[in-house]
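1. would you be able to build a 3D model of this:
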Amino acid sequence: MNKMIMGLMVSVLWFAGCDKTADNIVQTVDWYKDHPTERDTLLKKCRDNPRELALTENCINAKRADKKTTQPKGDVFDFIPDTRKK
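-> Prediction:
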């Protein structure tokens, strides 16, 4: 009985860790700068569903990349909060 419970717990933990779909992969600011189509698509999703997506790392990184590609050099202000884990 204990082996069955332990096996069930291990399999649940195994499948919980396998949730690496394309939506869960966090891309960097530089990646979004190099992939404008994906950046624009994600920014549209972030604007369409701000309650759930606006503060996700991908939306923040896409916004930062968009600012860096559209603003002239020399702008030092970035008002998007830094939510990276330290």
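
2. quick one: list the elements packing against the helix or strand hosting Asp40.
-> Counting by DSSP states H and E, the element that carries Asp40 is helix 36-48. If contacts are counted by 3 or more Cβ pairs under 8 Å, 6 or more residues apart in numbering; DSSP states H and E, helix 36-48 sits against helix 29-34, helix 57-70. Where you see a C-beta, it was placed from the backbone N, CA and C, and this is true even at glycine.

3. would you reformat the ones you listed as JSON lines and include mean neighbour count, distance to Leu42 and mean pLDDT?
-> Output for the helices and strands packed on helix 36-48, formatted as JSON lines (neighbours: other Cβ atoms under 10 Å; distance: least, Cβ to Cβ, whole Å; pLDDT from 0 to 100):
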{"stretch": "helix 29-34", "mean neighbour count": "16", "distance to Leu42": "8", "mean pLDDT": "95"}
{"stretch": "helix 57-70", "mean neighbour count": "18", "distance to Leu42": "5", "mean pLDDT": "92"}
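
4. now these as JSON lines including distance to Asp40?
-> Listed next are those as JSON lines, based on distance: least, Cβ to Cβ, whole Å:
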{"stretch": "helix 29-34", "distance to Asp40": "10"}
{"stretch": "helix 57-70", "distance to Asp40": "8"}
